[in-house]
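sequence and predicted model, in that order:
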Amino acid sequence: MKLNKGFIYYPKSRKEGAVKWLCICAHQDDCEIMAIDGILKGYYSKKYSFALVETTDGGGSARTGEFANYSDEDMKIVRIKEQQEASEIGRYNSLYMLNYSSKEVKDRKNESIVNDYIQIIKELKPQVIYTHSILDKHPTHIGVVLKVIEALRLLDKEYRPKLFLGCEVWRGLDWISDERKIGFDVSRNEKLQKRILNVFKSQIAGGKEYTKASIGRRYANATYYQSHSVDTYKMVGYGIDLMPLIKNQQMSIRGYALSFVDDLRNEISEVIGNE
């Protein structure tokens, strides 16, 4: 396979077997925040594996402390190494590093990224794809999910996944109506979860406590999921179903996103009632 700008990395610890779970994300460490469900399933599966498509080059990230004087080119090297280390710890099958800038990702007319996604999905034929939520507030994350949707709409049905999930990074999904949010039990191996997040030292040193925040969110999701019952799981991740946007290619992405907001509005209105 020949990618437009990037390369493929095969971890020394890689899990063999067909890739059942695939994450397509924007930045280094996004996957480890939002797709821990797939990482854990791939890690423990005896038959299948997990793979990651990481879209940007990491050059524009915030930096302080020991990384304060690093150039964009220096940061790219650091973040590539960090992502490779995470893939070794998580025993990913493969890591596709596409090396686009955030500007290229946000460019709605950039078809190179879409073509890379199409190539990879056709090659791997994953059953489950995790990507960013269409409700995320990070523009580069939205750029990625829009391009993943475009790629899947262009693919023949035989290459489409059974599950297509938008996951939480820069906006939690705990506010989604219960009947529409998808919960992942990610209670297993908290030590592993922390290890793969702690790899990204350039981000933690940059003032972002992603490990504490991500693990804390998973605990909070589990505790606050239901108010009238005891906790079923220790840690929970959330996603939303993006498959309707693929099955119905005429469906408005904006309209589908706002339908979740409408549900929340109606739920709040119903609980408060007439004043």
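Nice, I can see it. Residues are numbered from 1 along each chain as shown.

pLDDT weak spots in the stretch 1-150 of the chain?
Within the stretch 1-150 of the chain, the set of residues satisfying pLDDT under 70 comprises 60-72.

what ranges do the strands span in it?
7-9, 19-25, 49-56, 94-100, 128-132 (DSSP state E, counting those that start in this stretch).

can I get those strands in CSV with mean neighbour count?
C-beta here means a position set from N, CA and C on the backbone, and glycine is covered the same way. Rendered in CSV, the data for those read as follows (neighbours: other Cβ atoms under 10 Å):
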stretch, mean neighbour count
strand 7-9, 15
strand 19-25, 26
strand 49-56, 28
strand 94-100, 23
strand 128-132, 28
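
save the ones you listed as a markdown table, and put in distance to residue 264 too.
Written out in a markdown table, the entries for the strands of the stretch 1-150 of the chain read as follows (distance: least, Cβ to Cβ, whole Å):
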| stretch | distance to residue 264 |
| --- | --- |
| strand 7-9 | 40 |
| strand 19-25 | 25 |
| strand 49-56 | 29 |
| strand 94-100 | 33 |
| strand 128-132 | 20 |
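
and those strands: which comes nearest residue 200?
Each of the strands of the stretch 1-150 of the chain was scored for nearness to residue 200 using Cβ to Cβ, and the closest is strand 49-56 (11.9 Å).

who does the closest one pair up with?
Strand pairing for strand 49-56, using DSSP bridges, gives strand 19-25 (parallel), strand 94-100 (parallel).

and that strand with strand 128-132, angle?
In terms of direction (axes from the mean of the first three to the mean of the last three Cα atoms, to 10 degrees), strand 49-56 departs from strand 128-132 by 30 degrees.

which one of the strands of the stretch 1-150 of the chain lies closest to residue 107?
Judging the strands of the stretch 1-150 of the chain by Cβ to Cβ, what sits closest to residue 107 is strand 94-100, at 9.3 Å.

extract the C-alpha set from that closest one and format it as CSV.
Listed in CSV are the C-alpha atoms of strand 94-100, where the atom choice follows Å, rounded to 0.1, in the frame of the first residue of the first chain:
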residue,chain,number,x,y,z
SER,A,94,-0.4,-1.8,12.7
LEU,A,95,-0.1,1.9,12.9
TYR,A,96,-0.8,4.1,9.9
MET,A,97,0.8,7.6,10.3
LEU,A,98,-0.5,9.8,7.5
ASN,A,99,1.5,13.0,8.4
TYR,A,100,-1.0,15.7,7.3
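
can you pull out the helices in this structure?
Along the chain, the segments classed as helices by DSSP state H run 30-34, 36-44, 72-90, 102-106, 111-124, 139-154, 190-198, 201-204, 210-224, 244-247, 253-272.

distance of residue 95 from residue 27?
Residue 95 sits 14 Å away from residue 27 when distances are taken as Cβ to Cβ, to the nearest Å.

what is in contact with the two at once?
Among the neighbours of residue 95, those also in contact with residue 27 (Cβ atoms under 8 Å, 6 or more residues apart in numbering) are residue 54.

output the strands paired with strand 49-56 as CSV; include the columns distance to residue 182.
What follows is these, written out as CSV (distance: least, Cβ to Cβ, whole Å):
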stretch, distance to residue 182
strand 19-25, 14
strand 94-100, 25
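
which stretch among these comes nearest residue 131?
Across these, residue 131 has its closest neighbour in strand 19-25 (4.7 Å, Cβ to Cβ).

can you give me the distance of the most far-flung residue of the chain relative to its centre to residue 262?
Outermost residue of the chain with respect to the C-alpha centroid, by Cα atoms, centre = their mean, is residue 275; its distance is 41.3 Å. Relative to residue 262, residue 275 is positioned 20 Å away (criterion: Cβ to Cβ).

same check on residue 43?
Taking Cβ to Cβ as the criterion, residue 43 is separated from residue 262 by 38 Å.

ditto for residue 233
Separation of residue 233 from residue 262 (Cβ to Cβ) stands at 29 Å.

ok, the two, which is more surrounded?
Applying other Cβ atoms under 10 Å to residue 233 and residue 262 shows that residue 233 carries more neighbours, namely 16 against 11.

point out the most buried one among the helices of the chain.
The densest packing among the helices of the chain, expressed as mean neighbour count by mean count of other Cβ atoms under 10 Å, is seen in helix 30-34 with a mean of 28.
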